[in-house]
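Trainee: using only what follows, build the 3D model:
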Amino acid sequence: MRHKPLPNRLFYGDNLHVLRRHVADESVDLIYLDPPFNSNANYNVLFAAKDGHQAAAQIQAFEDTWRWDESAARQFDETVKEGGKVADVLLAFERFLGTNDMLAYLVMMAPRLVELRRVLKPTGSLYLHCDPTASHYLKLLLDAVFGPEQFRSEIIWKRTVSHNNVRNRFGDETDTILSYGKGPQPTFNLQYRPYSAEYIKSHYSQVDADGRRFTTRDLRNPGVRPNLRYDYKGYKPHPNGWAFTLEKMKEYDAKGLLYFPPDKEGRIRLKRYLDEMPGTPLGTVWDDILPLNSQAQERLGYPTQKPEALLERIIAASSNPGDVVLDPFCGCGTAITAAQKLGRHWIGIDITHLAIGLIKLRFRDTFRDDAQFEVLGEPTTAEDAAELAATDKYQFQWWALGLVGARPADHKKGADKGVDGRLYFRDGTGEMQLAVISVKGGHLKATDVRDLRGVVERDKAALGALLSFETPTRAMRTEAAAAGFYTSPWGKHPRLQLLTVAQLLDGARIDMPQTAGVNQTVKAAPRHRKQDAEARDLFGSTE
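Mentor: This is a model prediction of the structure:
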């Protein structure tokens, strides 16, 4: 009998196909998406007409561009044939924008938003993160998909400070987050932000004997109720009477919550302590969450990474513990990491093995064994790996590198100069050491081992590893063995190592120091320490 699926799932693949095949109707409570878009490109370039005959559009890791080409034109036709308001708005976009990259972006987003609405529960919400270049078009598209009456908020996040590197216009400082509900009563938990120092100084200026700051409010009865007119400890009520009964007054007095003015002519007031107040109700301008700088502890080096605090606020506001959070463009996994920390179930989807590998490392570093999840769409057999290698050799490289915890040497397609990936580790002296990785998804040649040895010597690397689909010959292994060993406090490690896909799938890894904290290839995510032990029960069993 097949094991019970885990509630947390990470999918490799096109999110449109994954949504249609694997995510049921009305099964998700909250969706956050930050679709990749070339927001740093020249604005005019995005609106330049295209001839429709460029290479097929696809998203590559770290290359967030949508292009108008034959694939986009075909998707446009398919969506328009479906009819309805989504077709109407796309036709209007075509008339207004023409056929360009901006239209391609909107065309590719349209069917995905339709699917995202399908999987949302009636009480669910969607948050779409974008920048001002496309936010106004996306809002019209969302109106067509969800209905304008389901618009909830347009959140402005101040993600940076203004720079002096722009001419003839104001500097870009903000992103836009568009929020829509599926039904009239989406889940919503009001969030608060801490009071400012100026507000505390002006409104909580009084300090009691325990050093606690407080303010006071009057106890005037809003109505005229004669039974609430009584003297208390020599203090007279307002002509309208007190706000509550004598018994309640005594209860507050016993708790030390009453403020008695020195002048008996004054009136008793109720204390409100600063440390018991939730803060200022949150509005739609978020300028209190800082972007990730180069020194941020949670920064992993992924260019579009967002602060966890931003996602934690969204998740806390529009879901409850045990709910399901979906991120269809999960990148380095910030949304699903925040969901895990807050006791939600989650579904993440990404189209690159590079992102999937990074997320697995992030969860390992952050949660150790406390986060259980399934990865679907990755090769699980040698046959699967062969199909991936034949379909897209770069995805195959990223997948193989992810198995050994390495990062690609170059994120762009092109000559790799003998190195497909690099893996950094520290030896017993604390010095950083390098392992260079070569990945061969096709035919393995005798020169591949010699070339790798040359790269190891050229880059002064401690180790070199050749990951291949084919099994190395005895002569290749003999040549690798001739390279000798790298010695660490943990023992001797072959300087040149040959590993096959089959061995990797069986759990084999590069022979190198494996002590915790040794691998320095990807900056380790800070470990999450659960504050509530009961949250562990949210994730069910795996039987």
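Trainee: going forward, measure contacts between C-alpha atoms and count neighbours the same way
Mentor: Noted.
Trainee: what segments of the stretch 151-300 of the chain are strands?
Mentor: Assigned by DSSP state E, counting those that start in this stretch, the strands in the stretch 151-300 of the chain fall at 151-158, 174-181, 192-193, 206-207, 213-218, 258-259, 269-273, 280-281, 285-286.
Trainee: where's the helix or strand following the last one relative to the chain centroid, distance-wise?
Mentor: Reading on from strand 285-286 to the C-terminus, the next helix or strand found by DSSP states H and E is helix 308-318. Per CA atoms, centre = their mean, to the nearest Å, the displacement of helix 308-318 from the mean C-alpha position of its chain is 10 Å.
Trainee: ditto for stretch 206-216
Mentor: For stretch 206-216 - counting by CA atoms, centre = their mean - the centre lies 41 Å from the chain centre.
Trainee: contacts for that stretch next, please.
Mentor: Stretch 206-216 is contacted from outside by His203, Tyr204, Ser205, Tyr259, Arg269, Leu270, Lys271, Arg272, Tyr273, Leu274, Asp275, using CA atoms under 8 Å, 6 or more residues apart in numbering.
Trainee: before we move on, what about stretch 117-136?
Mentor: Stretch 117-136 has contacts (CA under 8 Å, 6+ apart) with 23-35, 39, 43, 102, 145-146, 174-187, 318.
Trainee: before we move on, back to that, okay, the strands of the stretch 151-300 of the chain, which one's buried deepest?
Mentor: Of the strands of the stretch 151-300 of the chain, the one with the most neighbours on average (mean count of other CA atoms under 10 Å) is strand 174-181, at a mean of 22.
Trainee: quick one: strands adjacent to that one?
Mentor: According to DSSP bridges, strand 174-181 forms sheet pairs with strand 120-130 (antiparallel), strand 151-158 (antiparallel).
Trainee: re the thing from before, give the buried subset of the contacts of stretch 117-136 as a ChimeraX selection command.
Mentor: To isolate the buried ones among the contacts of stretch 117-136 in ChimeraX, judged by 16 or more other CA atoms under 10 Å, type:
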select :23,26,27,28,29,30,31,32,33,34,35,102,145,146,174,175,176,177,178,179,180,181,182,183,186,187,318
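Trainee: show me the contacts of stretch 117-136 that map onto helices.
Mentor: Tyr43, Met102, Val145, Phe146, Ser318 (DSSP state H).
Trainee: export the residues you listed to TSV and tack on pLDDT and distance to Tyr486?
Mentor: Formatted as TSV, these follow (pLDDT from 0 to 100; distance: CA to CA, whole Å):
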residue	pLDDT	distance to Tyr486
Tyr43	36	52
Met102	91	52
Val145	98	59
Phe146	98	60
Ser318	98	53
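Trainee: and which of those is nearest Trp346?
Mentor: Ser318 (13.9 Å; CA to CA).
Trainee: how much space separates the closest one from Pro328?
Mentor: Separation of Ser318 from Pro328 (CA to CA, to the nearest Å) stands at 17 Å.
Trainee: sorry, back to before: want to try JSON lines for the contacts of stretch 206-216, with distance to Leu10 and pLDDT as columns?
Mentor: Below are the contacts of stretch 206-216 laid out as JSON lines (distance: CA to CA, whole Å; pLDDT from 0 to 100):
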{"residue": "His203", "distance to Leu10": "48", "pLDDT": "89"}
{"residue": "Tyr204", "distance to Leu10": "48", "pLDDT": "90"}
{"residue": "Ser205", "distance to Leu10": "51", "pLDDT": "88"}
{"residue": "Tyr259", "distance to Leu10": "56", "pLDDT": "92"}
{"residue": "Arg269", "distance to Leu10": "55", "pLDDT": "93"}
{"residue": "Leu270", "distance to Leu10": "52", "pLDDT": "94"}
{"residue": "Lys271", "distance to Leu10": "50", "pLDDT": "92"}
{"residue": "Arg272", "distance to Leu10": "46", "pLDDT": "92"}
{"residue": "Tyr273", "distance to Leu10": "45", "pLDDT": "91"}
{"residue": "Leu274", "distance to Leu10": "42", "pLDDT": "92"}
{"residue": "Asp275", "distance to Leu10": "40", "pLDDT": "89"}
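Trainee: for the residues you listed, name the two members farthest from one another.
Mentor: Arg269 and Asp275 (18.2 Å).
Trainee: mind checking the pLDDT average for stretch 208-216?
Mentor: Throughout stretch 208-216, pLDDT has a mean value of 89.
Trainee: pull the residues that contact whatever helix or strand Ala390 lives in.
Mentor: According to DSSP H and E, Ala390 maps onto helix 382-391. For helix 382-391, the surrounding residues in contact (CA under 8 Å, 6+ apart) are Pro379, Gln395, Phe396, Gly441, Gly442, Phe469, Val501, Ala502, Leu505.
Trainee: count the neighbours of the fifth one for me.
Mentor: A count of neighbours around Gly442, defined by other CA atoms under 10 Å, yields 13.
Trainee: so for it, what pLDDT did the model give?
Mentor: Gly442 carries a pLDDT value of 85.
Trainee: for it, give its distance to Gln397.
Mentor: Distance, Gly442 to Gln397, by CA to CA: 11 Å.
Trainee: before we move on, what about the fourth one?
Mentor: Here the distance between Gly441 and Gln397 works out to 8 Å (CA to CA).
Trainee: of the contacts of helix 382-391, keep whichever come out buried.
Mentor: Buried by 16+ other CA under 10 Å: Pro379, Gln395, Phe396, Gly441, Phe469, Val501, Ala502, Leu505, out of those.
Trainee: so who does the fifth one touch?
Mentor: Put plainly, it is Phe469. Residues in contact with Phe469 (CA under 8 Å, 6+ apart) are Ala382, Ala386, Lys440, Gly441, Gly442, His443, Leu444, Thr500, Val501, Ala502.
Trainee: as TSV, the residues you listed with secondary structure and distance to Met512 would be great.
Mentor: Compiled in TSV, those are given as follows (DSSP: H, G, I helix; E, B strand; the rest coil; distance: CA to CA, whole Å):
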residue	secondary structure	distance to Met512
Ala382	helix	24
Ala386	helix	27
Lys440	strand	21
Gly441	coil	23
Gly442	coil	26
His443	coil	27
Leu444	coil	24
Thr500	strand	17
Val501	helix	18
Ala502	helix	19
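Trainee: export the residues you listed to TSV and tack on distance to Val119?
Mentor: Shown next, in TSV, are the contacts of Phe469 (distance: CA to CA, whole Å):
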residue	distance to Val119
Ala382	33
Ala386	33
Lys440	40
Gly441	37
Gly442	40
His443	43
Leu444	45
Thr500	40
Val501	36
Ala502	37
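Trainee: out of these, which comes closest to Gly402?
Mentor: Val501 (12.2 Å).
Trainee: leaving out the residues flanking it, which one is nearest to the closest one?
Mentor: Nearest residue to Val501 in three dimensions, chain neighbours excluded: Phe469, at 5.2 Å (CA to CA, 6 or more residues apart in numbering).
Trainee: SS state for the residue nearest to Ala446 when sequence neighbours are not counted?
Mentor: Closest residue in space to Ala446, ignoring its immediate chain neighbours: Met476 at 6.3 Å, by CA to CA, 6+ apart. Here Met476 is recorded as helix under DSSP: H, G, I helix; E, B strand; the rest coil.
Trainee: my guess is Met476 contacts Asp451. True?
Mentor: No. Here Met476 does not reach Asp451: they are 11.6 Å apart, not a contact under CA atoms under 8 Å.
Trainee: okay, the two: which has more neighbours?
Mentor: Using other CA under 10 Å as the criterion, Met476 and Asp451 rank with Met476 on top: 19 against 15.
Trainee: okay, Ser542: pLDDT?
Mentor: Wrong residue type there; residue 542 is Thr, not Ser. Listed pLDDT for Thr542 reads 32.
Trainee: His528 now?
Mentor: Looking at His528, its pLDDT stands at 60.
Trainee: equivalent analysis for the one 10 residues further on, please.
Mentor: Among the per-residue scores, Leu538 holds a pLDDT of 28.
Trainee: so, low pLDDT: which residues of this structure?
Mentor: Scanning the chain for pLDDT under 70 picks out 1-6, 37-65, 162-166, 224-226, 292-304, 410-418, 514-543.
Trainee: what residue of it is the furthest out?
Mentor: Relative to the C-alpha centroid of the chain, counting by CA atoms, centre = their mean, Gly234 is the outermost residue, at 60.1 Å.
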